[in-house]
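In: turn this into a model:
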Amino acid sequence: MNQIARALSALLLTALPIACSSPAPTTHAPHAQTIGAGLRLFEAKDATRAAKVVPVFVTVDPARDTPAVLKTFVAAFHPRMVGLTGDPAAIAALTKAYGVAVQAEKPNADGGYLVAHGRFAFLMGPSGKPIALLPQDQTPQAVADELERWVK
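Out: Numbering: from 1, shown residues only. Model (predicted):
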């Protein structure tokens with residue numbers, strides 16, 4: 001993640017399991033919808049600065065959230081959003097580093113399971129360190145305002 005962040009002015013990082021968001025991601029993942037809408041508002045106001053922001057979604061359920069699933073999911077929120085997955089240990093290290101709790105329940109008889117999780121939307125600076133926690137539980141305008149405040 002640090003290599004990506006160093007090449008940018010800002011990296012918007014958010015995570016949750018996609019499987020719990022099916023079948024309608026925009027209905028079941030309102031915080032990702034808010035983040036995407038906020039970025040679009042910022043783009044409308046200042047396209048040059050907004051182009052410095054790369055929205056990144058990291059799954060916390062790599063067993064089910066394949067690259068193909070991620071590609072479809074992130075397209076529902078923003079055309080430039082990038083979906084990332086990885087091995088479970090790397091994702092666990094990421095969520096631990098940012099204080100996001102993730103707990104997969106035991107599979108049911110059909111093999112399905114729920115993933116209890118916290119959520120976050122960090123704005124990362126060029127150093128790869130968080131510079132702001134975006135207000136994903138507020139309005140898209142609140143997200144756009146924070147992006148305007150921090151993205152130079």
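
In: contacts for the lengthiest helix in the chain, please.
Out: Identified as the longest helix of the chain according to DSSP state H is helix 30-45. Here helix 30-45 makes contact (C-beta atoms under 8 Å, 6 or more residues apart in numbering) with 12, 14, 16, 25-26, 49-51, 53, 55, 57, 77-78, 81, 119, 121, 134, 136-144, 146-148, 151. C-beta coordinates here come from the backbone N, C-alpha and C atoms, glycine included.

In: now do it, average pLDDT.
Out: The pLDDT scores in helix 30-45 average 90.

In: and Leu123, how many neighbours does it have?
Out: Leu123: 20 surrounding residues under other C-beta atoms under 10 Å.

In: just checking, it is part of a strand?
Out: Yes. Per DSSP: H, G, I helix; E, B strand; the rest coil, Leu123 lies within a strand segment.

In: ok, Glu146 to Ile35 distance?
Out: In this view, Glu146 and Ile35 are 10 Å apart by C-beta to C-beta, to the nearest Å.

In: let's verify the residue sitting furthest away from the middle of the chain: helix, strand, or coil?
Out: Within the chain, Ala109 marks the point farthest from the mean C-alpha position, 30.5 Å out by C-alpha atoms, centre = their mean. Assigned with three-state DSSP, Ala109 falls in the coil class.

In: Ile131 now?
Out: strand.

In: that one: what's it in contact with?
Out: Here Ile131 is in contact with 10, 123-125, 150 (C-beta under 8 Å, 6+ apart).

In: highest neighbour count among these?
Out: So for the contacts of Ile131 (other C-beta under 10 Å), the most neighbours sit at Met124, 24 neighbours.

In: and the pLDDT for that one?
Out: Reported pLDDT for Met124: 86.

In: do the one 3 residues further on as well
Out: In this prediction, Ser127 carries a pLDDT score of 80.

In: same question for Leu12.
Out: pLDDT, Leu12: 58.

In: one more: Thr27?
Out: Listed pLDDT for Thr27 reads 48.

In: same thing with Ala132?
Out: Note for Ala132: predicted pLDDT of 88.

In: would you agree it is in contact with Glu146?
Out: Yes. If you go by C-beta atoms under 8 Å, Ala132 and Glu146 touch, sitting 5.6 Å apart.
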